[in-house]
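1. need coordinates for the below:
(chains A and B)
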Protein chains: 2
Amino acid sequence: MREAVLRAAGDALAEHGFAHLDLAEVARRAQVGKTTVYRRWGTVTALLADLLDDMAEQSEPRTETGTLLDDLAANAALVCRTLTDPRQGALFKAVIAAATCDTTAAEALHRFYAARVAEWAPCVRQAADRGEVPADTDPEQVIRAVSAPLYYQLLTTGAPLDRAAAERAARSAYAAACAGVFRREQ
Amino acid sequence: MREAVLRAAGDALAEHGFAHLDLAEVARRAQVGKTTVYRRWGTVTALLADLLDDMAEQSEPRTETGTLLDDLAANAALVCRTLTDPRQGALFKAVIAAATCDTTAAEALHRFYAARVAEWAPCVRQAADRGEVPADTDPEQVIRAVSAPLYYQLLTTGAPLDRAAAERAARSAYAAACAGVFRREQ
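-> So this is what the prediction gives:
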């Protein structure tokens, strides 16, 4: 039942955005009783938070290539694939928009990205062990540096999130990490 | 009259977000006749687009320090100042949210950032002339690389946009530019 409702909520968000998310409409799409949905989630914000927690659990595991640059490139390609997927891209835009005006949505979004960053952080620790980047490099800063230009491009320019954008994001984070920009004591 | 209406629209957006922007309410706040506002702008989206075009014109000019790293640090500090200002920060979140679900708002937002990027791009061209970065470095990529982590942090984490975040953004873009990540032919 939860799966059907979250799927329906994701579809509705991707199609119409957060401002038009409505529990009754989600229940209808999911073919679940309206009362059940109201009783379990109560508000659209609580439903959105549950959807984001579920998305964090369902996310793809990281790729391990043996070198930091290739690991970061795999991460950048995954982010691009997600953001250029019609349903997922619209869904992410909708939840980011929701987070700008709702604290509960913002906290759920922060948890989602924290989980994604934690999933990929070990590749930076491994690279530090191999001596590719300074030992005191903050792994989470490096992973966030890969996503940042891709999300920024999605939200503030009309430019396509193509393979060149993904490669630039990975190479940029890698160059900064090697230069010691993400060292903890800095 | 335009100034009063745009000021009122910005205030309303910062306080209540795009979903609750209403031309009659903006007219009331600006102490301007409702009919005048409807006749001149017609829709909230057109008003938002005009506000963004005005913000692009009013923005602060760039700082020239003589070195690329310090120019980028000045840019990062300006972006942080803007995004941490209570009114401006809320306003930017609201227009980014609007752009996720409205094409006219998205185009106005793209124009706004294109204008800001064009204002700062010459510091990269000057750095290329001085030999600080490869001659075929794309100046706009470098300037966007400074803003990206700051906007990403604003939208996806709860972490404060402090001086350390601004310095990291500038140093990261600088390191990537020096490493040739933003060369045009790449």
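
2. what about the strands in chain A?
-> Counting by DSSP state E, chain A has no strands at all.

3. can you give the domain ranges for it?
-> Chain A breaks down into these domains under automatic domain parsing: A:2-50, A:61-178.

4. so where's chain A uncertain?
-> Residues of chain A that meet the criterion pLDDT under 70 lie in A:186.

5. before we move on, the earlier item: winner for burial among the domains of chain A?
-> domain A:61-178 (a mean of 20; mean count of other CB atoms under 10 Å in any protein chain shown). Where you see a C-beta, it was placed from the backbone N, CA and C, and this is true even at glycine.

6. so how far does that one reach from one end to the other?
-> 25 Å (CA to CA, to the nearest Å).

7. then stretch A:19-28?
-> Start-to-end span of stretch A:19-28 (CA to CA) is 18 Å.

8. which other residues reach it?
-> A:5, A:8-9, A:12-13, A:33-34, A:36-38, A:41, A:43-44, A:47-48, A:97, B:19, B:101 (CB atoms under 8 Å, 6 or more residues apart in numbering or on different chains).

9. wait, which of the domains of chain A is closest to B:G89?
-> Evaluated over the domains of chain A, closeness to B:G89 peaks at domain A:61-178, with 10.1 Å, by CB to CB.

10. so how far is the closest one off the chain centroid?
-> Centroid displacement of domain A:61-178 relative to its chain, using CA atoms, centre = their mean, to the nearest Å, is 8 Å.

11. test my guess that A:Q141 contacts A:F182.
-> Yes - counting by CB atoms under 8 Å, A:Q141 touches A:F182, with 4.0 Å between them.

12. mind listing the shared neighbours of these two?
-> In contact with both A:Q141 and A:F182: B:R168, using CB under 8 Å, 6+ apart.

13. okay, which residue is most central for chain A?
-> Among the residues of chain A, the one closest to the centroid is A:Y113, at 5.1 Å (CA atoms, centre = their mean).

14. how about that one, nearest residue that isn't a chain neighbour?
-> Computed as CB to CB, 6 or more residues apart in numbering or on different chains, the closest residue to A:Y113 that is not its neighbour in sequence is B:T156, at 4.7 Å.

15. pretty sure the one you found contacts A:H110?
-> Yes - at 6.9 Å, B:T156 counts as touching A:H110 under the criterion of CB under 8 Å.

16. against chain B, how distant is the spatially most distant residue from the centre of chain A?
-> Using CA atoms, centre = their mean, the residue of chain A lying farthest from its centre is A:T35. It sits 30.9 Å away. According to CB to the nearest CB, to the nearest Å, A:T35 stands 27 Å off from chain B.

17. and if you look at A:Q58?
-> For A:Q58, the distance to chain B (CB to the nearest CB) stands at 18 Å.

18. how many neighbours does that residue have?
-> 8 (other CB atoms under 10 Å in any protein chain shown).

19. ok, it to A:G42 distance?
-> Using CB to CB, to the nearest Å, A:Q58 is found at 23 Å from A:G42.

20. ditto for A:V32
-> As judged by CB to CB, A:V32 and A:G42 stand 15 Å apart.

21. before we move on, the earlier item: among the domains of chain A, which is nearest B:P160?
-> It is, among the domains of chain A and with distance given as CB to CB, domain A:61-178, at 12.9 Å.

22. verify the stated contact: A:V146 with A:A76.
-> Yes - with contact defined as CB under 8 Å, A:V146 and A:A76 form a contacting pair (5.1 Å).

23. overlap in contacts, those two.
-> Counting by CB under 8 Å, 6+ apart, the residues touching both A:V146 and A:A76 are A:A169, A:A170.

24. is stretch A:171-186 anywhere near chain B?
-> Yes - applying CB under 8 Å from any CB of the partner chain, one finds stretch A:171-186 touching chain B at A:R171, A:S172, A:A173, A:A175, A:A176, A:C178, A:A179, A:V181, A:F182, A:Q186.

25. which residues does the fifth one contact?
-> If I follow you right, that is A:A176. By CB under 8 Å, 6+ apart, the neighbours of A:A176 are A:V142, A:A145, A:F182, B:R171, B:S172, B:A175, B:A176.

26. so how far is A:T82 from the residue nearest to it when sequence neighbours are not counted?
-> Nearest non-adjacent residue to A:A176, counting by CB to CB, 6+ apart: B:S172, 3.9 Å away. Relative to A:T82, B:S172 is positioned 23 Å away (CB to CB).

27. check A:T63 too.
-> 14 Å.

28. related to what we said a few turns ago, thought the residue nearest to A:A176 was touching A:Y174?
-> No - checked against CB under 8 Å, the pair B:S172 and A:Y174 is beyond contact range at 10.8 Å.

29. so what's A:R62 closest to, chain neighbours aside?
-> A:W120 (4.9 Å).

30. residues contacting the residue nearest to A:A30 when sequence neighbours are not counted?
-> Distances taken as CB to CB, 6+ apart place A:A8 nearest to A:A30, at 3.8 Å, with adjacent residues excluded. Applying CB under 8 Å, 6+ apart to A:A8 gives the contacts A:V26, A:A27, A:R29, A:A30, A:V32.
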